[in-house]
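Engineer: Here is a sequence with its predicted model. Questions after.
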There are 2 protein chains.
Amino acid sequence: MDEELYTLIEFLKKPSISATGEGIEETANYLKETIEKLLGVKSNIEKTKGHPVVYAEINVNAKKTLLVYNHYDVQPVDPISEWKRAPFSATIENDRIYARGASDNKGTLMARLFAIKHLIDKHELNVNVKLLYEGEEEIGSVNLEDYIEKNANKLKADSVIMEGAGLDPKGRPQIVLGVKGLLYVELVLDYGTKDLHSSNAPLVRNPCIDLSKVISTLVDMEGRVLIEGFYNDVRELTEEERELIKKYDIDVEELRKALGFKELRYSDREKIAEALLTYPTCNIDGFECGYTGKGSKTIVPHRAFAKLDFRLVPNQDPYKIFELLKKHLQKVGFNGEIITHGFEYPVRTSVNSPVVKAMIESARRVYGTEPQVIPNSAGTQPMGLFVYKLGIRDAVSAIGAGGYYSNAHAPNENIRIDDYYKAIKHTEEFLKLYSTL
Amino acid sequence: MDEELYTLIEFLKKPSISATGEGIEETANYLKETIEKLLGVKSNIEKTKGHPVVYAEINVNAKKTLLVYNHYDVQPVDPISEWKRAPFSATIENDRIYARGASDNKGTLMARLFAIKHLIDKHELNVNVKLLYEGEEEIGSVNLEDYIEKNANKLKADSVIMEGAGLDPKGRPQIVLGVKGLLYVELVLDYGTKDLHSSNAPLVRNPCIDLSKVISTLVDMEGRVLIEGFYNDVRELTEEERELIKKYDIDVEELRKALGFKELRYSDREKIAEALLTYPTCNIDGFECGYTGKGSKTIVPHRAFAKLDFRLVPNQDPYKIFELLKKHLQKVGFNGEIITHGFEYPVRTSVNSPVVKAMIESARRVYGTEPQVIPNSAGTQPMGLFVYKLGIRDAVSAIGAGGYYSNAHAPNENIRIDDYYKAIKHTEEFLKLYSTL
């Protein structure tokens, strides 16, 4: 067994469950030692208010600096009974290695590390690299923002590569150029101290009706957000982005089946891709008031609340959108409580940026196929922290040792051993190309 | 101890909890025997699909026939730890008798029974009386409609006196001339098989938003129902009803405090009385969709439901209102499921009807005070069954052995022994007057 596979197995055998803390410290230590042994540089275990960050710099006095973001923590293993091999046995069977974290995200982390080692060994590393390994990604990166703010000078770089992309169902490597932003808000109306017998309905306002009226003013039947100014800052799609959307590969009927909804808003493949990747949204995640059990109960509820998320696109600013929302709520007469649960900036890197060009061309060379380039994920990741807090120009989610088949977050998580080696190769080729662009 | 009090105590000592069935059969038997012993007529225990009805007729070949409705079942006793005397001990302390059912509604039942006995004994009963004692009122009168339909001929009468009224906080007897009607409906929108990650929000309709839009079309900010034709059948208030509303005694600030809502729609006492007693309403009892736990979760819920009750006034027909609602829902594009949980007719008897005139005048004589005459209750009772199914012209809720102080449905339920004797006297005077009007 070669050093690449042996080291990965050792890494996968260590539990590092951020939710419980199990194995976190040992795994962080293992990572620090492995970095120092393989790359010949000093590595630090850096405290946060939660699990530590493992950090290292490889300075080759190059013009460009790349920040590499990964996480060493994993999801809990439950339901344990559905695992066919122990989750931390790192069992090899046929062409695969099975372990919690194999795909998300230890395989990718270790592949990138060996690629850097190979280039150092061959004196071919022509990019300064900063390694930032977080230990809380699976519990929502709770202390990452604070860490980044406190270490902003140290973390400066030209580009960042994030985790989160892998191989699509057709085996093509995904290259994701950004993420949607997020604003998450809870609205609460509380008119009294207790629910009333509904014979009192003539005398009091019903918070459930009032909140329904507020919600009904937010979005029209086509899903368009009705808050004044909401779309003002949305920048138009570039020609390149339109091209990427045209090429985005979705089987509409399979998607509909997978979602399980009777109807989709659109039936056209390209329209679906455009909406999914580039439309900002206002969505209701939950709403509750009054009696929600079986049958009937006649009350005027005293309290109602709704949870709303806004997915944002370039150049929408979640804090500015929040101000517009508050203005809208005031206009429609909402006088309840507003609780915020999150602000995330949208990110969309140009397909023509050096980091993306290098990522696409290296993917072609290593995988022998055209990669799937996606303008941004339909979802949200804390990519904005790097772009907005550190002033890093370009960010991309790409290079993944796992794929569509990998059961990330589920039992029997696995990667193909071949895909691990391809990820090493992809990183090497990427770093070489990136240094020249 | 006289027979009146002794018999009541025996009656109160028998548990008759309709929810569990405890003591129902024994109590029904006791009632049958008591009627036969006191009144010298035959009484029947009549089967329903649930607990039996106890029935008797006293035919004195009078022109007028009065139906007397009461129930012999009681609420469960929990929380038992809060009772200061055992709930079925029927303990006398100072001027009161404590027992589950003392106020609701065994005291009233027995008071009426002794009044009839006294008149029979004195040969002064000049009204035919039909006694209908239900055993399921506390569980929603589930089989009463069926019983009434099957016994429609037998139950025919000119008027009916219902239970449910007692003494108000100032000790005045309440005379309630009717009830609001009810339509209870549940609306369900279900778009799929599972909740989706909210990154899919651009692709699917959100049932929570759609249901909010539907609800927002039902009622305006002033509480006026927006369903076309909803108010068409509402008959205007009569002069007599306006007079009753003017006299309806409410302390606005005490009411607001008791309700616990920060604001009432109206501050004027008379306007409050008018709204409470005579406005039909559309109220949301409950609404639920998606994630309703703490913090944030980003999903598009697949299912949303809302529970609605309509309180109706003369001459609104709940079945007709349901048709108008369905038409409205269709118009606003609601294409989900509609589940009905109840239809009840509104009832409002004229203050000039013989039964009400007799009730008011007899109350004045017995209590030495002006009774509180209320055009109808703000809530709903199955009074419409008697009026609509049996064609009985006049119905009134009046004569109660209990009062504001009685803790009906709560621990330490009680009545003043004096109020029990007053209820006997009130019934006697009422029956005598009624026969002459």
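Structural biologist: All right, it came through fine.
Engineer: For chain A, just list every one of the helices.
Structural biologist: With helices called from DSSP state H, chain A shows them at A:3-13, A:24-39, A:107-121, A:144-150, A:207-216, A:239-247, A:252-259, A:269-278, A:318-331, A:354-367, A:383-384, A:390, A:417-436.
Engineer: Can I get the ones you listed in a markdown table including distance to chain B and mean neighbour count?
Structural biologist: From N, CA and C alone the C-beta is placed, and that goes for glycine too. Compiled in a markdown table, those are given as follows (distance: least, C-beta to the nearest C-beta, whole Å; neighbours: other C-beta atoms under 10 Å in any protein chain shown):
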| stretch | distance to chain B | mean neighbour count |
| --- | --- | --- |
| helix A:3-13 | 27 | 18 |
| helix A:24-39 | 23 | 18 |
| helix A:107-121 | 21 | 23 |
| helix A:144-150 | 16 | 17 |
| helix A:207-216 | 4 | 25 |
| helix A:239-247 | 13 | 16 |
| helix A:252-259 | 6 | 14 |
| helix A:269-278 | 4 | 20 |
| helix A:318-331 | 13 | 16 |
| helix A:354-367 | 21 | 21 |
| helix A:383-384 | 14 | 26 |
| helix A:390 | 25 | 20 |
| helix A:417-436 | 25 | 21 |
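Engineer: Dump those to TSV, plus distance to B:Ser212 and mean pLDDT.
Structural biologist: As requested, the helices of chain A are arranged in TSV below (distance: least, C-beta to C-beta, whole Å; pLDDT from 0 to 100):
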stretch	distance to B:Ser212	mean pLDDT
helix A:3-13	47	98
helix A:24-39	43	98
helix A:107-121	42	98
helix A:144-150	33	96
helix A:207-216	4	98
helix A:239-247	31	95
helix A:252-259	22	93
helix A:269-278	22	97
helix A:318-331	14	98
helix A:354-367	41	97
helix A:383-384	30	92
helix A:390	40	95
helix A:417-436	46	98
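Engineer: of all those, which lies closest to A:Ile399?
Structural biologist: Distances from A:Ile399 to each of the helices of chain A were compared using C-beta to C-beta; the shortest belongs to helix A:417-436, at 5.3 Å.
Engineer: Tell me the pLDDT of A:Met1.
Structural biologist: A:Met1 is assigned a predicted lDDT (pLDDT) of 87.
Engineer: Now do the contacts for it.
Structural biologist: Each residue near A:Met1 by C-beta atoms under 8 Å, 6 or more residues apart in numbering or on different chains is listed here: A:Ile9.
Engineer: my guess is A:Arg393 meets A:Lys156, correct?
Structural biologist: No. When contacts are counted by C-beta atoms under 8 Å, A:Arg393 is not listed as touching A:Lys156 (11.1 Å).
Engineer: on that earlier part again, out of the helices of chain A, the one nearest B:Leu211 is which?
Structural biologist: The closest of the helices of chain A to B:Leu211 is helix A:207-216. By C-beta to C-beta, the value is 7.7 Å.
Engineer: what's the closest non-adjacent residue to the spatially most central residue of chain A?
Structural biologist: Residue closest to the mean C-alpha point of chain A, counted by C-alpha atoms, centre = their mean, is A:Gln381 at 3.0 Å. For A:Gln381, the nearest residue in space outside its immediate sequence neighbours is A:Val179; the separation is 4.8 Å by C-beta to C-beta, 6 or more residues apart in numbering or on different chains.
Engineer: follow-up on the earlier one: I'd like the helices of chain A laid out as JSON lines, including distance to A:Val127.
Structural biologist: Shown next, in JSON lines, are the helices of chain A (distance: least, C-beta to C-beta, whole Å):
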{"stretch": "helix A:3-13", "distance to A:Val127": "21"}
{"stretch": "helix A:24-39", "distance to A:Val127": "13"}
{"stretch": "helix A:107-121", "distance to A:Val127": "9"}
{"stretch": "helix A:144-150", "distance to A:Val127": "21"}
{"stretch": "helix A:207-216", "distance to A:Val127": "49"}
{"stretch": "helix A:239-247", "distance to A:Val127": "24"}
{"stretch": "helix A:252-259", "distance to A:Val127": "38"}
{"stretch": "helix A:269-278", "distance to A:Val127": "29"}
{"stretch": "helix A:318-331", "distance to A:Val127": "32"}
{"stretch": "helix A:354-367", "distance to A:Val127": "10"}
{"stretch": "helix A:383-384", "distance to A:Val127": "20"}
{"stretch": "helix A:390", "distance to A:Val127": "17"}
{"stretch": "helix A:417-436", "distance to A:Val127": "5"}
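Engineer: wait, which of those is closest to A:Gly223?
Structural biologist: Closest of the helices of chain A to A:Gly223 is helix A:269-278, at 8.4 Å (criterion: C-beta to C-beta).
Engineer: starting at the chain centroid, how far to that closest one?
Structural biologist: Offset of helix A:269-278 from its chain centre (C-alpha atoms, centre = their mean, to the nearest Å): 19 Å.
Engineer: Could you name the helices and strands sitting against it?
Structural biologist: If you count contacts as 3 or more C-beta pairs under 8 Å, 6 or more residues apart in numbering or on different chains; DSSP states H and E, helix A:269-278 packs onto helix A:239-247, helix A:252-259.
Engineer: Show the pLDDT at A:Lys84.
Structural biologist: pLDDT, read off for A:Lys84, is 95.
Engineer: who's in contact with stretch A:374-381?
Structural biologist: Applying C-beta under 8 Å, 6+ apart, the external contacts of stretch A:374-381 come out as A:162, A:164, A:174-182, A:237, A:241, A:244-245, A:248, A:276-278, A:311, A:313, A:344, A:346-348, A:351, A:397, B:197, B:199-200, B:202, B:298.
Engineer: at 7 Å what do you get?
Structural biologist: Counting by C-beta atoms under 7 Å, 6 or more residues apart in numbering or on different chains, the neighbours of stretch A:374-381 from elsewhere in the structure are A:162, A:164, A:174, A:176-182, A:241, A:244-245, A:248, A:276-278, A:311, A:344, A:347-348, B:197, B:199.
Engineer: can you check stretch A:67-77 too?
Structural biologist: With C-beta under 7 Å, 6+ apart as the contact definition, stretch A:67-77 has outside contacts at A:16-20, A:24, A:27-28, A:31, A:51, A:54, A:83, A:87, A:100-101, A:105-106, A:108-109, A:112, A:129-138, A:155, A:157, A:160-163, A:386, A:392, A:409.
Engineer: Same question for stretch A:203-223.
Structural biologist: By C-beta under 7 Å, 6+ apart, the residues outside stretch A:203-223 that reach it are A:187, A:189-191, A:196, A:225-227, A:265, A:281-282, A:284, A:289-290, A:300-304, A:306, A:329, A:332, A:334, B:202, B:209, B:212-213, B:215-216, B:219, B:259, B:261, B:264-265, B:272, B:275-276, B:283-284, B:287.
Engineer: Count the neighbours of the residue of the stretch 1-150 of chain A found nearest chain B for me.
Structural biologist: When scored by C-beta to the nearest C-beta, the stretch 1-150 of chain A has A:Gly140 as its residue closest to chain B, at 9.6 Å. A:Gly140 has 13 neighbouring residues, counting by other C-beta atoms under 10 Å in any protein chain shown.
Engineer: which residues are in contact with stretch A:393-403?
Structural biologist: Surrounding stretch A:393-403, the residues in contact under the criterion C-beta under 7 Å, 6+ apart are A:102-104, A:107-108, A:111-112, A:158-167, A:173-178, A:347, A:349, A:353, A:355-356, A:359, A:383, A:386-387, A:408, A:415, A:419-420, A:423, A:426-427, A:430.
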